[in-house]
Every structure is written in C-alpha cells, then in structure tokens.
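>>> Predicted model follows, preceded by the sequence.
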Amino acid sequence: DLQEDKEPLFDAADTLELALPVAAGAIATARFNTARMRAALDDAMLATDIADYLVDRGMPFREAHKVSGVLVREAEGRSTTLSGLPFESFRAASALFEEDVIDMFDPARSAASRRVPGATAPDAVREQLARAQACLEQSS
C-alpha cells in the first residue's frame, strides 16, 4: 500500500508552495556589500588550498591535511593569519613548501581553481546559472 507516502509528499509540496515565493523575493531584492564580504575573508578559509598545494607536489592528502592543520594551529597560537606566518614556519612543517606558497592566499585564485561542475570557478558558476535559467524557462 503506497497511501502512507502521499501525506508527506503533499505536506512537502504545500511547504514549497509557501517557501519558494519568499525565497524568490529575498533573492530578487538582495543587495551585497562586496567590500564588507572581502574584509570578512579569513586566511583559515584557505587551509584546504595549503593541503592542495602539498598534494600537487606529491604528498598524500591525509598528510597534507595534517600539515595544514599544524599551520592553522600555529597561526592561531601566534594570533596571526596563515599568510602572516613566516616562510620558515611553512618550511618547518614540510620541505615541499617553496616561496610561492604565499600565492595561495588569494581568495579569487582559490575560487577560480575549483573547476569541477557546480564549483566556484567563474566558468563553472556561469554554467550553473545557465542551467538554472534554462530550467526556469522550461517551467514557465
């Protein structure tokens, strides 16, 4: 008997019918203060980029993740950011670090490096927006 699945389905549909116009209104009227958003960025958000840097140089991810964690803890202990650590801290954590590690602390570069479908690279975002627009056009 498939009758018991109908009540949750209809409840979900009713909830969406109420929630979607609210979400659409919020999105349509949203305004973003990009300067404040940039100011709120923290180097710790880029800790995975540090791990990726090491993986690109041959270190297994589990080890790279551990090294990244060591550096995050050191930065917190020194009351500084990851990019505020001296290069010697990076080198002490792994001999794979080179002077170019400082390039990792660019949020735009980080976002652009994520190129898989649904990720943050500009091309991936444009593709997702185009797909969403196509879905909206089909449903209207």
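Received, thanks.
>>> Now stretch 108-121: buried residues?
residue 110 (16 or more other CB atoms under 10 Å). In this view, the C-beta of every residue, glycine as well, is placed from N, C-alpha and C.
>>> Kindly export that stretch (C-alpha atoms) in PDB.
The C-alpha trace of stretch 108-121 is given here as PDB (Å, rounded to 0.1, in the frame of the first residue of the first chain):
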ATOM      1  CA  ALA A 108      39.900  34.900  -6.100                       C
ATOM      2  CA  ARG A 109      42.600  32.500  -7.100                       C
ATOM      3  CA  SER A 110      41.200  29.900  -4.800                       C
ATOM      4  CA  ALA A 111      37.700  30.200  -6.100                       C
ATOM      5  CA  ALA A 112      39.000  30.100  -9.700                       C
ATOM      6  CA  SER A 113      40.900  27.000  -9.100                       C
ATOM      7  CA  ARG A 114      37.800  25.000  -8.300                       C
ATOM      8  CA  ARG A 115      36.800  24.000 -11.900                       C
ATOM      9  CA  VAL A 116      34.600  20.900 -11.500                       C
ATOM     10  CA  PRO A 117      30.900  21.200 -12.300                       C
ATOM     11  CA  GLY A 118      29.000  23.000  -9.600                       C
ATOM     12  CA  ALA A 119      32.200  24.500  -8.100                       C
ATOM     13  CA  THR A 120      33.300  28.100  -7.600                       C
ATOM     14  CA  ALA A 121      35.400  28.800 -10.800                       C
END
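>>> Contacts for it, please.
45, 46, 49, 52, 103, 104, 122, 123, 124, 127, 128 (CB atoms under 8 Å, 6 or more residues apart in numbering).
>>> immediately after the lengthiest helix in the chain, which helix or strand?
Using DSSP state H to define each element, the chain has its longest helix at helix 6-29. Next in sequence after helix 6-29, counting helices and strands by DSSP states H and E, comes helix 34-39.
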